[in-house]
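A.B. asks: Quick one, structure for this:
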Amino acid sequence: MAKEMKQSLPNGGVVILEGDLASGKTSLTQAFASYLGETDVVTSPTFSLQQCYGTKLFHYDLYNKGLDNFLSLGLLEELEKEGYHLIEWADESLKVFLISAGVNVMHIKIQKQDNQREYTCIH
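C.D. replies: Take a look at the predicted model:
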């Protein structure tokens with residue numbers, strides 16, 4: 001999946017990660033960071049809202065704070081930084097807004113089935 005993410009967004013962009021609790025959103029971010037050659041430890045940004053890995057990988061979690069808080073903190077401007085922005089718990093309104101603003105967006109739905117994950121790209 002990490003390879004497909006890089007191929008779909010070769011110059012960076014936003015990846016919306018959709019899935020239930022413990023479906024593997026942060027695990028996918030870890031795999032993507034490793035694929036990019038990042039050596040930083042990737043953890044969930046649930047309580048910090050944003051984690052940065054190197055200079056080109058940004059990881060956000062809107063679960064506790066929500067989109068309104070994300071916007072009020074000025075984090076929308078963060079998405080203008082060059083690189084990859086992986087967002088957990090984003091809603092459809094953010095996706096629509098980003099697409100209308102011309103941002104490259106990839107939406108991945110993760111479903112947990114037994115001990116495996118199924119990844120679906122939603123366009």
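A.B. asks: Show me where this structure has its helices.
C.D. replies: Residue ranges of the helices in the chain, as given by DSSP state H, are 2-8, 25-35, 66-72, 92-100.
A.B. asks: max-length strand in the chain?
C.D. replies: strand 105-113 (DSSP state E).
A.B. asks: distance of the nearest residue to Asp40 once chain neighbours are set aside from Leu62?
C.D. replies: Excluding the flanking residues, the one nearest Asp40 by C-beta to C-beta, 6 or more residues apart in numbering is Tyr53, at 4.4 Å. Any C-beta I mention is one placed from the backbone N, CA and C, and that applies to glycine too. For Tyr53, the distance to Leu62 (C-beta to C-beta, to the nearest Å) stands at 18 Å.
A.B. asks: For the longest strand of the chain, enumerate the helices and strands it packs against.
C.D. replies: Packing partners of strand 105-113 (3 or more C-beta pairs under 8 Å, 6 or more residues apart in numbering; DSSP states H and E): helix 2-8, strand 13-19, helix 25-35, helix 92-100, strand 116-122.
A.B. asks: let's go with 10 Å and repeat that
C.D. replies: In terms of contacts (3 or more C-beta pairs under 10 Å, 6 or more residues apart in numbering; DSSP states H and E), strand 105-113 is packed against helix 2-8, strand 13-19, helix 25-35, strand 84-88, helix 92-100, strand 116-122.
A.B. asks: ok, and the helix or strand in this structure with the lowest average confidence?
C.D. replies: Ranking every helix and strand in the chain by mean pLDDT, DSSP states H and E puts helix 66-72 at the bottom, with a mean of 72.
A.B. asks: how far is it from where the chain is centred?
C.D. replies: Put simply, helix 66-72 sits 16 Å off its chain's centre (C-alpha atoms, centre = their mean, to the nearest Å).
A.B. asks: quick one, which of the helices and strands packed on strand 105-113 is packed in tightest?
C.D. replies: Each of the helices and strands packed on strand 105-113 was scored by mean neighbour count; the highest is strand 84-88, a mean of 25, by mean count of other C-beta atoms under 10 Å.
A.B. asks: now the farthest one out in the chain, which residue is it?
C.D. replies: Distance to the chain centre peaks in the chain at Asp114, reaching 23.4 Å (criterion: C-alpha atoms, centre = their mean).
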